[in-house]
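[1] what shape does this take:
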Amino acid sequence: MVGALLTVVMLLAGSLPINAVGAQGIDAARAEAEALEAELFATRERLVELAEAYNRATADLQSAKVSVALARKQLEADQAVLTLTRAQLRDYALAAYMAGGSERELDSFFRADANTVDQRLNYIKSARGNKSQLLDAVTGAAKRVDQQLAQMQRAQQAAQAEQDRIEATRAEASELEANTTDLLEQAHGRLADLVAEAEAERARQEREAALAAQAQSQAEHDQASIPAGGGGSHEGSTVAPFVFSPPAGLRPEAAIAVQAALSQIGVPYVFGGASPSAGFDCSGLMYWAYAQAGIDINRPADYQRDDAIRISFEALQPGDLVFYGEPPSHVGMYVGNEEIVNAPHTGEVVGVKTMFYSSKPMTFGRIA
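    Numbering: from 1, shown residues only. Below is the predicted model:
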């Protein structure tokens, strides 16, 4: 919408017979608006990349939390075994001490034949050795799990810090986007004012020329040839809905995913969104669409590519995913005829466009 408005104003400005000073003012305003448009486009591209980085950090954080929980359970189990083993060892030591102080036990021990004494000595040594080894093993296991738990906790803290950092960066980029949009609107306003001033000057010159009958007639003829409203307005126009006809042999899951994604045309792009009610970012649309086909895929775009089967451009079928950038910072779903359905960026809505809209390198994947 912003780009279309700038184009209309530029065309109108180019049709006016204005003086050199006016032309310089319009050229400067036009250059300012074009620069702001380029900055806004770059900021929105950055927001798309940040959305995928945030999704990846969220997935990593969840994985780290699961690892910490598992390590904590293992540590508790090992500590319970350690406590029990220590208690058994204390009981054994106490029993051995009490038995060693009994004259009856000592008499029976020394009166036994040599073979019996050897067997009892070996049993005592073996029992002591087994309990000592078990205690050492459990103690070592507890220490290792404790170290693993500490490592997992550090990983969780790092993942949380990365998520927080990305969120802070996203907030700054969103603020920059809002400020740039405001500046662009102001630039458009200044450009429109300059064009209006130039048009007013032209009207004044025409009124002066109208003092002569022939000039008046010519002026009336020129005025009649200018379309009312300046032309070029597309407000109120409608776009025919995209019609998808699954090709023969297409997997049912892929056809369902395509239909689901196309059903969301017009839903706004929302950072981190993955539902019709909340809006979608690029990977969120892929995640939701395949969920409607009963297939659970990963959330971030680069993880989706990791899990997909790599295919060539020539092998593309509707439902396959098209990834942009290396690592991927954007993803769309192929719908045929070299077109994709995707959630582009902030300020846009889910729609269908040519798959070659971006200059970023493309890779392709199929969800099994």
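[2] where are the low-confidence patches of the stretch 101-250 of the chain?
    Confidence mapping of the stretch 101-250 of the chain against pLDDT under 70 gives the ranges 101-132, 134-135, 202-204, 206-240.
[3] can you give me the strands in the stretch 201-350 of the chain?
    Counting by DSSP state E, counting those that start in this stretch, one finds strands in the stretch 201-350 of the chain at the ranges 274-275, 279-280, 309-311, 321-324, 330-336, 339-342.
[4] what's the closest of the ones you listed to Ala137?
    Within the strands of the stretch 201-350 of the chain, the stretch nearest Ala137 is strand 309-311; the backing value is 44.7 Å (Cβ to Cβ). Placement of C-beta: from N, CA and C, glycine included.
[5] which outside residues touch that closest one?
    Counting contacts by Cβ atoms under 8 Å, 6 or more residues apart in numbering, the residues outside strand 309-311 that touch it are 320, 363-368.
[6] now the strands of the stretch 201-350 of the chain in JSON lines, with distance to Lys353?
    Formatted as JSON lines, the entries for the strands of the stretch 201-350 of the chain read as follows, by distance: least, Cβ to Cβ, whole Å:
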{"stretch": "strand 274-275", "distance to Lys353": "21"}
{"stretch": "strand 279-280", "distance to Lys353": "15"}
{"stretch": "strand 309-311", "distance to Lys353": "21"}
{"stretch": "strand 321-324", "distance to Lys353": "11"}
{"stretch": "strand 330-336", "distance to Lys353": "8"}
{"stretch": "strand 339-342", "distance to Lys353": "7"}
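[7] so which of those strands gets nearest Glu177?
    Closest to Glu177 of the strands of the stretch 201-350 of the chain, according to Cβ to Cβ: strand 279-280, at 15.7 Å.
[8] residue contacts, the spatially most central residue of the chain?
    Closest residue to the average C-alpha location of the chain: Glu52 at 2.2 Å, with Cα atoms, centre = their mean. Taking Cβ under 8 Å, 6+ apart as the contact definition, Glu52 lies against 281-283, 300-302, 328-330.
[9] hang on, the earlier thing: farthest-apart pair in the contacts of strand 309-311, please.
    With distances taken as Cβ to Cβ, the most widely separated pair in these is Thr363 and Ala368, at 16.4 Å.
[10] higher neighbour count, these two?
    Summary of the neighbour comparison: Thr363 and Ala368, criterion other Cβ atoms under 10 Å, with Thr363 having more neighbours (19 against 10).
[11] pretty sure that one sits against Pro328.
    Yes - with contacts defined as Cβ atoms under 8 Å, Thr363 counts as touching Pro328 at a distance of 7.1 Å.
[12] what sits in contact with each of the two?
    Between them, Thr363 and Pro328 have Arg305 as joint contacts when contacts are counted by Cβ under 8 Å, 6+ apart.
[13] and the chain, what are its domains?
    When the chain is parsed into structural domains using automatic domain parsing, the resulting residue ranges are 2-213, 252-366.
[14] got JSON lines for the ones you listed, with distance to Pro241 too?
    Listed next are these as JSON lines, based on distance: least, Cβ to Cβ, whole Å:
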{"stretch": "domain 2-213", "distance to Pro241": "21"}
{"stretch": "domain 252-366", "distance to Pro241": "7"}
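[15] and those, which is most packed in?
    Counting by mean count of other Cβ atoms under 10 Å, domain 252-366 has the highest mean neighbour count of those, with a mean of 19.
[16] and that one, how far from the chain's centre?
    12 Å (Cα atoms, centre = their mean, to the nearest Å).
[17] and it, how far apart are its ends?
    Counting by Cα to Cα, to the nearest Å, you get 13 Å between the two ends of domain 252-366.
[18] which helix of this structure spans the most residues?
    Using DSSP state H to define each element, the chain has its longest helix at helix 114-209.
[19] now the residue nearest to the centre of the chain, nearest residue through space, not along the chain?
    Spatial nearest neighbour of Glu52, excluding adjacent residues (Cβ to Cβ, 6 or more residues apart in numbering): Ala301 at 4.7 Å.
[20] distance of that neighbour from Gln133?
    When Cβ to Cβ, to the nearest Å is applied, the distance between Ala301 and Gln133 equals 52 Å.
[21] host element of Asp91?
    Per DSSP states H and E: Asp91 is located in helix 20-100.
[22] tilt between that helix and helix 114-209?
    Computed with axes from the mean of the first three to the mean of the last three Cα atoms, to 10 degrees, the direction of helix 20-100 lies at 170 degrees from that of helix 114-209.
[23] surely Gly347 touches Tyr269?
    Yes - distance between Gly347 and Tyr269: 7.2 Å, which falls inside the contact criterion (Cβ under 8 Å).
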